[in-house]
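> Predicted coordinates and the sequence they were generated for:
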Amino acid sequence: MFKNEELEINLGPQHPSTHGVLRVKLRLDGETIVKCTPVIGYLHRGVEKICENKTFFQGQVWTDRMDYVASVSNNLGWAESVEKLFGIQVPRRAHYVRTMMTELNRISSHLLWLGTHALDIGAMTVFLYAFREREEILNCFESFCGARLTTTAFRIGGLREDIPPGFIKQVQSFQDRFLNCIDEYETLLTENRIWKKRTIGIAPIQADECIAFGVTGPVLRAAGVNYDVRKAFPYAAYAEMDFEVPTRTEGDTYARYLVRLEEFRQSHRIIQQCIDGLPEGNVMAKIPKVLKSEVNEIYHPIEAPKGELGYYLVGEKGAQNPYRFHVRGPSFVNLQVLPQMTEGRLLADVIAAIGTLDVVLGEVDR
Amino acid sequence: MMTPVQQVVMAVIQITVLISIILLIVPFMTFAERKVIGYIQVRLGATRQAGGIRGFAAGINKLSWAMGRIPVLSFFRGLPVFAADGLKLLLKEDIVPDRADRFVFVIAPVVCMIPAFATFAVICFYPGTLFVFPDQFPIVGGLPFTGFLTDISVGLLYIMAVGSIGVYGIVLGGWASNSKYPLLGGLRSAAQIISYEIPLSLSLLAAVVLSGTLNFRELSIYLAGVPTVTAAGAVVQMPLIAAIPLFFGFFFYLTCGFAETNRVPFDLAEAETELVSGFHTEYTGMKFAWFMLAEYANMMAVSAIAAGFFLGGHYLLPFGLQRFVPDSIPFLAQPSLLFFFGKVFFLLFVFLWVRATLPRYRYDQLMSVGWKWLIPVTLVNLLVAAAIRFTF
């Protein structure tokens, strides 16, 4: 008469808190997760294959559409990878502007994470506060390159044009305000008892597991591993910047929250240094109108907001397009630890775990 | 002495007035929610809604924005949206899912809504006659219109009994939908409401122990600290020290009240980000609106009870401090509808305020807060109240 049955529910792909089109199959015993299976691929467009059929200049546009929240980082990765493949030297001023834009993009990506993560846990107001600041960053992007989301901000060899007049002033006004805004988010969340209860010890992942899964970014750093591509393999102008890599040892949701909040402050520092030390000069290197590659292969990692974003490019002799293009997307790799984080825990923790991993499905599925 | 006909007619008039007031305030709450939360969250839409771009009003709006102030005019702008909201709910297609249990599915919102409204039958808005019908009126001429519907001696017991029926609506609605998310929402809600009923009752019991009555009107007068004359002719007044258990009891009651009404931070039953929409995921149109009405009516009932018991009801000062108001200022010393509704509206505002501020508890944490924390402290509070009653 009485029997126990596990309930299988389908979280997504149309669910308010799966951040896009992630589908998670859950087996529940009461409210406890017995098995968690992420199902991905709903947003697959074949970006890698498409880029193999486009010229190097055209391929850049497609990188925007992967992690659409951090399109500037993706652009930087592509531009630098191609430059590495062809051995192009980029002017120093372009490096500085690229660094500044990428850090602004890191802040905007983290703001989106903060807002949606807090909204998932039930704190509604942080979401709108975070978007208020994100709006300002997007305005900066708009005045820089005309687009807000899919920016295609950089060109191979530098920048299409120098920064517009008034741009530095615009960024500076954001800079002046932003530190107070971080404090505002912190007053709402950091010492909030319910927030701490919902995040401390939730969805933990230890350093050795992170390394085994190849997890990078804030998730790895919150587990105590000090690995940041900006420090380990400096690119753009990061070698000249003075900043710290925040780490925590707990490896839980709260630690990841604190790490990302500290990254806000570090990005703020980097942007300030870019503004203060912006060198004069050209923004575009001399490059041929048509790029024809040699037989060559490169792997170029950058630190995207979500973790290590690596581009692997193989050149073919005389071709205008890459022979092989592969993306090591941080969201895709980080998502793989979701079952480890959630099995044996409660339904509400799955939501917190998806939020704290900060995945963008455009990049997971590509 | 009223004739039976007069009694019935008076009851109908009073009920109609009461229901109209509730039905006016409750939908208005959704509008207030949009506005209050809009201002707290600096939402761009809700704070500027429907502001004209021409004319005098627009001038004032622009001037106040230029001065960095929120324009007064925009406080009531957006009322058409509120009307459209109601109209939309009425006109929406009424879907009953194919595999749903039809009868239970239809009855559930009603089961939810009726107790929420029935609670108001014993709530005393004003402890006396508001006005007397002039003699010219047929049937009711010369009869008093009181500030309460009924004045039964077991008022509080009635409130708790009726209030606990509402949970059936949620459980049945969740179950009858024959869908997984509503089922989880319904079950969560059942466990939650039943758990929180205990500390809720315990915190109210402290007030009952102090006053020694279950009648809402007598309770609120006694707990306001006003001297009253008993039937035996003795003058009783709440001892001042009783303000301590009342003060703490208020916060315990309010916490449980949030849980009882399924509001943030205890809105697990309809946790949007986990369970899509909880128990009412499958409901549309008016059936959904009934759940909404029930939720807001419950909020109002909780606010009214908290105001009546702990915040001094129709008197000015809360927690039995009314004795410090000098009799020389009759407006402040006398009970007034104004004070009561002022407190109710303030508490309703607190509901919205909290919603904009706090995250949501997890299911097991909610249970442990209820059982391991709230029940012990309300028990201690009850003991303190009993000790005060015994000593003074």
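Structure's in. What do you need?

> neighbours of the residue of the stretch 51-200 of chain A found nearest chain B, just the number please.
Proximity of the stretch 51-200 of chain A to chain B (CB to the nearest CB) peaks at residue A:122, 2.9 Å away. (Each C-beta comes from the backbone N, C-alpha and C, glycine too.) By the criterion of other CB atoms under 10 Å in any protein chain shown, residue A:122 has 25 neighbours.

> Could you pull up the residues touching it?
Contact analysis of residue A:122 by CB atoms under 8 Å, 6 or more residues apart in numbering or on different chains lists A:194, A:198, B:264-265, B:267, B:271, B:273, B:358-360.

> Scan the residues you listed and report the most crowded one.
Most surrounded of the contacts of residue A:122: other CB under 10 Å gives residue B:271, at 30 neighbours.

> tell me what the longest helix belonging to chain A is packed against?
The longest helix of chain A (DSSP state H) is helix A:92-121. Helices and strands touching helix A:92-121, as assessed by 3 or more CB pairs under 8 Å, 6 or more residues apart in numbering or on different chains; DSSP states H and E, comprise helix A:71-86, helix A:124-145, helix A:167-189, helix A:193-199, helix A:253-276, helix A:347-357, helix B:272-275.

> Please convert these to JSON lines, extending it with mean pLDDT and distance to residue A:57.
JSON lines is the format used below for these (pLDDT from 0 to 100; distance: least, CB to CB, whole Å):
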{"stretch": "helix A:71-86", "mean pLDDT": "89", "distance to residue A:57": "9"}
{"stretch": "helix A:124-145", "mean pLDDT": "89", "distance to residue A:57": "15"}
{"stretch": "helix A:167-189", "mean pLDDT": "89", "distance to residue A:57": "24"}
{"stretch": "helix A:193-199", "mean pLDDT": "87", "distance to residue A:57": "44"}
{"stretch": "helix A:253-276", "mean pLDDT": "91", "distance to residue A:57": "26"}
{"stretch": "helix A:347-357", "mean pLDDT": "86", "distance to residue A:57": "33"}
{"stretch": "helix B:272-275", "mean pLDDT": "65", "distance to residue A:57": "41"}
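
> Out of those helices, flag the one nearest residue B:58.
Relative to residue B:58, the nearest member of the helices and strands packed on helix A:92-121 by CB to CB is helix A:124-145, separated by 24.2 Å.

> next one: the closest one to chain centre, how far?
Put simply, helix A:124-145 sits 16 Å off its chain's centre (CA atoms, centre = their mean, to the nearest Å).

> before we move on, what about stretch A:110-128?
Distance, centroid of stretch A:110-128 to centroid of chain: 16 Å (CA atoms, centre = their mean).

> show me what contacts residue 164?
Just going to use chain A. A:143-144.

> Correction: the question concerned chain B.
B:193, B:197.

> I'd like the distance from it to residue B:116, if you could.
According to CB to CB, to the nearest Å, residue B:164 and residue B:116 sit 12 Å apart.

> Any buried residues in the longest helix of chain A, and which?
Within helix A:92-121, the residues that qualify as buried are A:92-121, counting by 16 or more other CB atoms under 10 Å in any protein chain shown.

> same question for that helix, mean pLDDT?
For helix A:92-121, the mean per-residue pLDDT is 90.

> interface residues of the stretch 1-150 of chain A facing chain B?
Neighbours of chain B within the stretch 1-150 of chain A, by CB under 8 Å from any CB of the partner chain: A:7, A:9, A:15-17, A:31, A:118-125, A:128-129, A:132.

> What of the stretch 251-366 of chain A?
A:346-349, A:351.

> so residue 13, which of the three states?
Defaulting to chain A. Assigned with DSSP: H, G, I helix; E, B strand; the rest coil, residue A:13 falls in the coil class.

> who's in contact with it?
Neighbours of residue A:13 in contact, by CB under 8 Å, 6+ apart: A:21-23, A:42.

> Same check on residue A:319?
Taking CB under 8 Å, 6+ apart as the test, what residue A:319 contacts is A:292-293.

> Can you check the pLDDT for it?
82.

> and what of residue A:310?
In this model, residue A:310 is scored at 90, pLDDT.

> And the closest residue in space to it that isn't next to it in sequence, its phi and psi?
Nearest non-adjacent residue to residue A:310, counting by CB to CB, 6 or more residues apart in numbering or on different chains: residue A:328, 3.6 Å away. Dihedral pair for residue A:328: phi -100, psi 90, per degrees, to the nearest 10.
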